[in-house]
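>>> pasting the structure only:
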């Protein structure tokens, strides 16, 4: 249920209080990249003070904090960069719905990074602040999915080194959003596989797999719909933080969210269709089973009754009316004839009903 | 059904008439807090007159009335504070849909406090009036959920002592709304537990539990949707009662309502999914049961018939055609051979059909 | 199906033609109230001419016509009060969807009065015209539900005698709309009762009751949604007929329609939930029945087969291989031992499967 | 499936090409009415040229063409009256969705005339062009439903002879739309009848009838929703073709479409409810059947086993342990006692379970 | 699942990178048409350079590229015609949702060509760029569906040779969109056929066919909804690319998309209705099977028990109470009488229950 939960402050408590998250990465790590189109500096820093040295110098500063089990680094970064306390509280209360909040000189973006771990879907909250001069990202865990973006910065090709903080923010948001594509590819494979198995062997395991897929697609959906709003809000943002050149890329990013939703809703329809197909297939099979039982029982129960009749011990000596058949010369063959005709008639009857 | 009901005035009766509610706290209690950023006075008052002494003095006055089985205190407070009679009627006709009504110099807010009692969900109507100088809250029962807010006022930390009536109103509304978070956490646990049990042992008790959760989620939903409208209406309120500084907190409160709805709708999807899973699992199990019955009956009914045949008493002495098998030397062993081959053939047949 | 039907003019016929309704009250009755804040005159009038004497005199004139099986009174009233012929046609073509039509100097309101009769829901169309000086109401039947409003006028308390025709119209509309509250209360009781019975004894009668409730809730819904539109349209009416003081009451009336819908939609969800619960419970019970059958048959059918074996008449004298067991000294006890072990083994097996 | 189909031009072909419809009336017939408030001329014309003589003369000209298996008349009318080729193509490609298209000096309306034929629903496309001076209607078949409108014109009463082409167009549209009322009345009767039968005898025929009704309601719905748009578009039309006096009648017509949808959606809900009720009733009945089988089998199978025991032929002479019961003096009575007690115990057990 | 998939760039990779598609036509082919109202030139060109010779000369230039397994031709065309790199990326990442993107001097349209291949639905992405002077189309495969449009250009009749690039773009879009009509016709036939079979013989094959249709209709829907947006966006396009004369044709095209959706949604309703009908029919049949089994078993099991009684070997010599019936003169006839009465009574009982 992890992806369905949200951390929350105690009802009635003061807003903007920071409480450390349990779980997530044990130790927090601060990775820092500072670049202009000409030079690039990249390092792991030990303390928040090391970060502050970079703040204000020209170029783009990307501060990436992973691990939020300790409040202190976030709190001091928040203070130094003048971030709003309600936003900082949202960073720690993971399980937020993806959203964009505009503050006076910075924007705050919450996203959900989806990935498979041990065969199950996992959703991690990713928080992102960006102003004119810096981008601050906070990841719950240390399972960093941004290495490709770092590579692009290091390689220095493409627009990323020329762009400002808004382009970097776009690149990161786009990377998180696009991570749904391989996920959906995987779900597509699973649905296809399940459908194939279902038609051959509709057992309890298939049912549980269908249920699991439907469950996880609910989770993907909970990330995908607000991601669309996020991409749209960034594209149309009226704060001066997003430059005109970046908007065309954000529109592309928005298109991706629409495509993800489009595929997702189809898969949800398919998932529901599988559930219906399952129920109908099971009913169908039960019907087949019932027919076999009915045919077998209906043929042999009357025959057994007849055999039971002639196994009775009424004494033929007591009266000529007592089971005279037993002493007829043709008794046994006639009995068999009757049995065969009765059974054959039944078979014909059931054939006509298409039960055989 | 308590949470699904609404008290109502007799159709055709005059609007604005106050009729005492049955049930709820027996005795009404008036708790009063009066504070500025410097000082704080807190007391339980016996009569409405004691309250009036505070009205008009500078600072924030919070009057909390719990218990509405007696109309008198509410009526005289309403008169003294000049509250609208339609609003007062709504306070007593509990089961209202949460809403905000703007009157000329005060706003009227209805909310639903949700909580678990004896394992079941309970919804209590909470009414809140606020003007420039006072906040009047009315609770149905004496199960006060606002102690944390009182603590914050007493402690005097955070913004609450600096803020005006609008900030106090926000803090109370936020407290009521946030009470859904622990509730939903509990439902998350229950759903997970039910799913686990269902796959192991899908009995009637599980079915009833799923039904109860789905029922209660309908109730939570009936509070959650209008809560969102309330938070949104307060944030955008055009009366001068809500100050600009408070709006950012109300936006945060609105975000919470959106998150609550988001989780809630997922849980409703999960709840419906459990119902489907239940039905499919039961069908599946019935199928298994049917297969066992069919296999057992189909194997043994023909064999019993055969045994019945050779239990017949046709007289072999009457004619050589009458059951000569009974006197063959190899009759019995051949019979067993036939039985075993027939039974074995059946088993092979059912194995092929995957019913065994 | 009464509430689901609508009377209609022949397709292609001229609009605005008045055709008498069949059914409804046999005789039409005209009740008349004329009042100002000081005096009140109330009478039953025999002919439309008696009404016209009051038209134009200062104060509020309420003309209540019940019974529409005779077109004449309505036609002459329509002519005298200058009402639009399309509106008059709608009065007679009962089964209209509730609505408000604004004509130049009068408004036309259609509503649905809901009530229980003989245990079933009944919907009666109520039509209401109001101008600056008169209110004309037309009821299909003589089951008058407006006695409480008449009492308020007679008592002369509250605002009703001070208000104009718009307040009277509000009071009548409010009375019709509020009549859903006791209805919903009744449905709430029934749903609760059905749920209780269903879990104990899910028989065909319960199923029919659930179906009936779901059916009737569709009918309530067909009245409730357009009632909301009616209340909203009256509150926001731009004709000068509705005065500013009355609007706050109409907003209250609108709130009631929203609450009715809110409760109604919850009940519809509950009703659908009951249908699902019913189906699952029946499946469940069938599963229990099947298990008993399967266990009984699976245990005793093989045992009966064994007993059948030793009831065969193969002649032990013909050969030593023919049923030598029958003559063994321990044959019978060993047979019982085998039977008990086989039966016991079965029971253990079914216990393990949790079918016993 | 007739009503669900649409004729279409070959994909990729040139727009506005006229291809004759197969089916429909064999021969086309042109009926012509030309009237002012004073005089009326009505005739069947043989060729399009005869029509042109009337075009341009004062008064209202109604040209009614039925049968579209021959393209020529439509093509020459289109040319003479200067109608848009895309509109003409739509006239022939029957199965269009009802709509209004405004061209510069004429409007083009597509409607669906619904009727029962041979117990099944049938939808016929009706096309209508109107300008300041003429109304051209095209019907697929010769099953003319506009005789009542013709009667009104001939009778000369009502507004129809005073009105212009817009009023005639209104009268025709209204007639087509209102034809759903008797249809829905019929469906109401059928649903009621089906429900009654279903509760008594839920067989396959009932199921097919429910399915057919649900199917046909889909078809009615496909006409009803766009009819609402048509009525609304005509009422609000901004071209000068629709005069102010006619709008109040179009509003009435719009009200009818809303009522039709209202009834229709209720019937669809009822239809779906019947499907659910059917499934539950069948499950219920199956449960009853199963209980009878289980009770019969569970009582008699063990008893038969016991009887089988004492039908065994273990030789009592071989050993005193071999079936000594057979020679006991009280053997047979004790056996019956045991049988009756066992059977009675079973009956008590099943009674307790409420299966008997 | 092909139609449900989308190619995507690696999450985190740079936007606008072109990666060759696997699958699709092996070799790419460039077909070129250049025409004015007077002359027409058509050829297959080997290299992109041959194309460039035509760019800029007056008239309409249609470049059709089929096959995208090689990136080079697209890349150089994109460079030469100055197309946006994000659009080119979308051309290759097939499985896009149909859409229109406006760039400064050209528009980019994505569509889905639907067709049946080997009895299954197939969706191919078609991309279309158009500016003032050229139309560039890119097809995934070589299964060209645009021959009819080419014929129209060659024939030179209709508006196509007079129109500009916008008219050609319209003609191509219209051709792709209209290809749904024959598809839906086919689905209509299949649904009708399935319904017929289902009522006669509801087996697993029917179930799978229903499931397949429902699946494929999801796919058609995924193309149809965005096609509507595409037609609407082109009709209302504010770039100067679409001329006023072409808009009326685009409105017609938009009407087609609405009709496609209209038919499609009906078919989806019918498809779901078939699934329900299937389940109900199977339940119904199972009920019939159960009744036969129950009647047979309930009649013969008690009779067999009775026969078993008189097959017991209690020794009549041991005591006069031991099975004296066996020696009665009328024993056997009385037994038969009892059997027949019991069996007959059962039959009467089951007839009454309507199970026979």
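Nice, thanks for sending it over. Since the model is a prediction, treat every value here as computed from it, not as a measurement. Numbers count the residues shown, from 1 in each chain, chains lettered A, B, ... in the order given.

>>> wait, is residue A:13 part of a strand?
No. Using DSSP: H, G, I helix; E, B strand; the rest coil, the assignment for residue A:13 is coil, not a strand.

>>> do I have it right that it meets residue B:151?
No. Between residue A:13 and residue B:151 there is no contact under C-beta atoms under 8 Å: 9.3 Å. Heads up, the C-betas are built off the backbone N, CA and C, glycines and all.

>>> settle it for me: which of those two has more neighbours?
residue A:13 (19 against 13; other C-beta atoms under 10 Å in any protein chain shown).

>>> before we move on, which element is residue A:350 in?
helix A:331-352 (DSSP states H and E).

>>> state the mean pLDDT of stretch A:59-76.
Stretch A:59-76 shows a mean pLDDT of 90.

>>> contacts only, for residue A:18.
A:71, A:74-75, A:85, A:88-89, A:92 (C-beta atoms under 8 Å, 6 or more residues apart in numbering or on different chains).

>>> which single one of these is nearest to chain E?
residue A:74 (24.5 Å; C-beta to the nearest C-beta).

>>> near the spatially closest residue to residue A:221 that is not a sequence neighbour, how many other residues are there?
Nearest non-adjacent residue to residue A:221, counting by C-beta to C-beta, 6 or more residues apart in numbering or on different chains: residue A:264, 5.9 Å away. Counted with other C-beta under 10 Å, residues neighbouring residue A:264 total 20.

>>> what's the spacing between residue A:264 and chain E?
Per C-beta to the nearest C-beta, to the nearest Å, residue A:264 is found 11 Å from chain E.

>>> shouldn't that residue be in contact with residue A:218?
No. Counting by C-beta under 8 Å, residue A:264 does not reach residue A:218; the two are 10.1 Å apart.

>>> for chain E, what are the nearby residues on the stretch 51-200 of chain A?
The stretch 51-200 of chain A comes close to chain E at residues A:145-149, A:152, A:157-160, A:171, A:174-176, A:178-179, A:181-182, A:184-185, A:188-189, A:191-192, A:199, as judged by C-beta under 8 Å from any C-beta of the partner chain.

>>> one step back: any chance you could list what contacts the helix holding residue A:350?
A:295, A:298-299, A:302-303, A:306-307, A:310, A:325, A:328, A:356, B:312, B:314-315, B:318-319, B:321-323.

>>> in strands, which of those appear?
Judged by DSSP state E, the contacts of helix A:331-352 include no members of strands.

>>> from the residues you listed, list the buried ones, please.
A:295, A:298-299, A:302-303, A:306-307, A:310, A:325, A:328, B:312, B:314-315, B:318-319, B:321-323 (16 or more other C-beta atoms under 10 Å in any protein chain shown).

>>> now do the helices in chain A.
Here chain A has its helices, by DSSP state H, at A:48-52, A:72-81, A:85-92, A:147-155, A:165-178, A:180-200, A:204-235, A:244-309, A:331-352.

>>> need the residues that contact the second one.
Outside of helix A:72-81, the residues within contact range by C-beta under 8 Å, 6+ apart are A:18, A:28, A:30, A:48, A:51-52, A:55, A:63, A:65, A:68, A:83, A:85, A:88, A:91-92, A:106, A:129, A:131, A:134, A:136, A:138.

>>> change it to 10 Å
Contacts to helix A:72-81, defined as C-beta atoms under 10 Å, 6 or more residues apart in numbering or on different chains, come from residues A:18, A:20, A:28-30, A:45, A:47-49, A:51-52, A:55, A:61, A:63, A:65, A:67-68, A:71, A:83-85, A:87-89, A:91-92, A:105-106, A:127, A:129, A:131, A:133-134, A:136, A:138.
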